[in-house]
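Colleague: got a predicted structure plus its sequence, pasted below:
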Amino acid sequence: MESIAESRLVVIGASVNIASVAHGIGCRTVFVQKPGSPVEKLVDTRSNLYSMVDFVLRPLKPHAVVSLTETGLLPAAIAAERLGLPGVPPDVVTRLRDKSLMRAHIQGNLPDSTVRFATPTDGAEAAAIMRSWACEVIVKPRTGTGSSGIRRFSSPADLEHVGRLDSIIMEEYVIGREYSAETFSLGGAHTLLAVAEKRTSDRFIELGHMIPPSTLGPRDINQIESTVSEFLNCIGLRDGPAHTEFKISSDRVTIIESHNRVAGGRIPDLVQAVTGVDLKRWSLGWPLGLRDADCRTEPVAPAAASAFVTAQPGRVLSVSRPSTLAKAAGAAHETVTLFVEPGDTVRELSCSFDRVACATATGATPDTARARAEELARGITVTTGS
């Protein structure tokens with residue numbers, strides 16, 4: 001392997017933030033973007049992707065092809081495999097992206113960590129399955145992200161008239177608090193870097209995160225680490241980041257879903273504040289030889305939290321920030337990020353992409369960090385109109 005400075009890194013589907021992190025690694029970077037349509041369309045006909053890899057990427061002699069976006073994960077995996085480069089195998093990426101494949105794969109190996117599931121094609125079939133299960137169910141897209149399209153049903157009668165259900169998975173609803181495990185794996189050794197506690201809306205849209213969780217003890221964390229490691233081994237993920245969502249109740253950790261990428265929702269920023277680990281840098285650079293020590297600085301504070309802001313649907317008329325970001329007692333780092341500006345359109349809150357702003361804060365305890373983040377969020381005003 002050449003030195004990092006001489007290495008060539010290809011990043012598929014980078015955001016401005018990810019591009020900045022990639023440049024900061026110090027290697028030569030190439031960004032592959034496909035304007036006008038989602039990256040996954042490159043994979044509709046695999047031979048089209050092979051042609052792009054052979055005629056565009058291969059002459060560049062890259063040392064790694066990576067992506068940190070959900071739609072770029074599979075193209076990056078296919079490209080890395082075709083070029084003989086380090087990466088996550090495409091079948092593992094596919095298994096994680098398709099929730100029904102993931103459930104089927106772990107059902108026989110980790111029965112205590114999964115739930116009953118089905119892939120009905122219409123509401124009548126779904127209602128019949130729900131009656132046989134005699135429990136509440138969740139219906140969601142098989143490859144969805146950002147809490148989009150998730151619906152909870154308490155009665156089979158509510159499902160009967162839904163009509164056709166395309167590319168969905170129906171799962172047994174699990175009672176309990178929801179969390180996520182942020183891990184990094186090298187050669188099959190999995191490291192639990194942080195556990196994030198979530199605050200969600202009644203439609204399962206994430207409205208805030210907190211690291212570390214205030215509701216879990218050391219015994220819980222040990223159980224989470226063990227279960228998530230078993231899950232990653234079962235699914236076949238040996239290298240790179242993973243963002244695994246789960247619920248814990250009655251001494252049972254139930255896997256909800258997982259992704260072989262860093263989390264969204266500002267969680268990597270919270271992880272870095274509390275642990276010092278730059279997950280984005282490590283996730284981009286591990287195939288080039290970057291390791292923990294290359295991506296770690298001193299932690300900022302013992303705890304960190306985020307709080308998201310929502311607004312009424314309509315055209316954005318004005319946006320205002322908190323009057324000050326003066327540091328509260330024990331807070332070492334605070335940010336406010338606006339996702340909209342005057343003239344933009346705010347949609348009804350149906351997925352994570354409909355949130356309009358975010359505030360983050362650190363603190364001496366999880367509760368003080370959360371309180372400060374929520375205080376900052378309340379100081380953000382987004383006014384909409386027709």
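Modeller: Looks like it came in fine.
Colleague: next one: the residue nearest the centre of the chain from Arg82, what distance?
Modeller: The centroid of the chain falls nearest to Ala263 when counting by CA atoms, centre = their mean (3.2 Å). With distances taken as CB to CB, to the nearest Å, Ala263 is found 28 Å from Arg82. (C-beta placed from N, C-alpha, C; glycine too.)
Colleague: please apply the same query to Arg152.
Modeller: To Arg82, Arg152 is 41 Å away according to CB to CB.
Colleague: likewise Gly217?
Modeller: 46 Å.
Colleague: mind listing the strands for the stretch 201-350 of the chain?
Modeller: Assigned strands in the stretch 201-350 of the chain, in chain order: 206-211, 240-249, 252-259, 303-309, 314-320, 334-338, 345-346 (criterion: DSSP state E, counting those that start in this stretch).
Colleague: tell me the most buried of the ones you listed?
Modeller: strand 303-309 (a mean of 28; mean count of other CB atoms under 10 Å).
Colleague: for the stretch 1-150 of the chain, what spans make up the helices?
Modeller: For the stretch 1-150 of the chain, applying DSSP state H, counting those that start in this stretch gives helices covering 16-24, 46-52, 73-82, 90-97, 99-107, 123-133.
Colleague: pLDDT weak spots in this protein?
Modeller: Counting by pLDDT under 70, the chain contains low-confidence residues at 1-2, 35-46, 146-147, 324-332.
Colleague: would you mind finding the longest strand in it?
Modeller: The longest strand of the chain (DSSP state E) is strand 189-200.
Colleague: which secondary structure elements does it contact?
Modeller: Under the contact definition 3 or more CB pairs under 8 Å, 6 or more residues apart in numbering; DSSP states H and E, strand 189-200 sits against strand 177-186, strand 206-211, helix 218-235, helix 267-275.
Colleague: contacts for the third one next, please.
Modeller: Contact with helix 218-235 is made by 92, 95-96, 102, 105-106, 109-110, 113, 179, 181, 183, 185, 188, 190, 192, 195, 216, 242, 244, 246, 248, 251, 253, 255, 258, as judged by CB atoms under 8 Å, 6 or more residues apart in numbering.
Colleague: still on that earlier bit, neighbour count winner among Arg152 and Arg82?
Modeller: Taking neighbours as other CB atoms under 10 Å, Arg152 and Arg82 compare with Arg82 leading, 17 against 14.
Colleague: which ones are touching the more buried one?
Modeller: 50, 53-54.
Colleague: for the residue lying closest to Asp54 once chain neighbours are set aside, give its distance to Gly72.
Modeller: Leaving aside its sequence neighbours, Asp54 sits nearest to Arg82 (CB to CB, 6 or more residues apart in numbering; 7.6 Å). Here the criterion is CB to CB. By it, Arg82 lies 15 Å from Gly72.
Colleague: in stretch 127-136, what counts as buried?
Modeller: The neighbour-count check on stretch 127-136 (16 or more other CB atoms under 10 Å) flags 127, 129-130, 133 as buried.
Colleague: same thing with stretch 371-385?
Modeller: Applying 16+ other CB under 10 Å to stretch 371-385 flags 371-374, 376-377, 379-380, 382, 384 as buried.
Colleague: take these and keep only those in helices.
Modeller: Among the buried residues of stretch 371-385, the ones falling in helices (DSSP state H) are 371-374, 376-377.
Colleague: can I get those residues in CSV with distance to Ala307?
Modeller: Shown next, in CSV, are those (distance: CB to CB, whole Å):
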residue, distance to Ala307
Ala371, 9
Arg372, 9
Ala373, 4
Glu374, 5
Leu376, 7
Ala377, 4
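Colleague: for Val316, state which of the residues you listed is nearest.
Modeller: When these are compared for distance to Val316 (CB to CB), Ala377 comes out closest, at 16.9 Å.
Colleague: list the contacts of the closest one.
Modeller: Residues near Ala377 by CB under 8 Å, 6+ apart: 307-309, 357-359.
Colleague: at 10 Å instead, please
Modeller: With contact taken as CB atoms under 10 Å, 6 or more residues apart in numbering, Ala377 is in contact with 207-208, 306-310, 322, 336, 357-361.
Colleague: same question for Lys61.
Modeller: Shown in contact with Lys61 (CB under 10 Å, 6+ apart): 8, 83.
Colleague: and Gln33, which of the helices of the stretch 1-150 of the chain is closest to it?
Modeller: helix 16-24 (9.8 Å).
Colleague: now the nearest residue to Thr362 once chain neighbours are set aside: how far from Gly144?
Modeller: The spatially closest residue to Thr362, leaving aside those adjacent along the chain, is Ala301, at 3.6 Å (CB to CB, 6+ apart). Using CB to CB, Ala301 is found at 33 Å from Gly144.
Colleague: can you check Asp367 too?
Modeller: 32 Å.
Colleague: tell me which of those two has more neighbours.
Modeller: Neighbour count, other CB under 10 Å: between Asp367 and Gly144, Gly144 has more, with 18 against 13.
Colleague: give me the nearest residue to the more buried one, chain neighbours excluded.
Modeller: Nearest non-adjacent residue to Gly144 (CB to CB, 6+ apart): Ile150, at 7.4 Å.
Colleague: touching, the one you found and Ile205? I think so.
Modeller: Yes: at 8.4 Å, Ile150 counts as touching Ile205 under the criterion of CB atoms under 10 Å.
Colleague: neighbour-wise, which of those two wins?
Modeller: Neighbour totals were compared for Ile150 and Ile205, and Ile205 leads with 20 against 17 (other CB under 10 Å).
Colleague: tell me the contacts of the residue nearest to Ser201 when sequence neighbours are not counted?
Modeller: Leaving aside its sequence neighbours, Ser201 sits nearest to Leu207 (CB to CB, 6+ apart; 5.7 Å). Leu207 makes contacts with 198-201, 265, 306-310, 349, 352, 355, 358, 374, 377, as judged by CB under 10 Å, 6+ apart.
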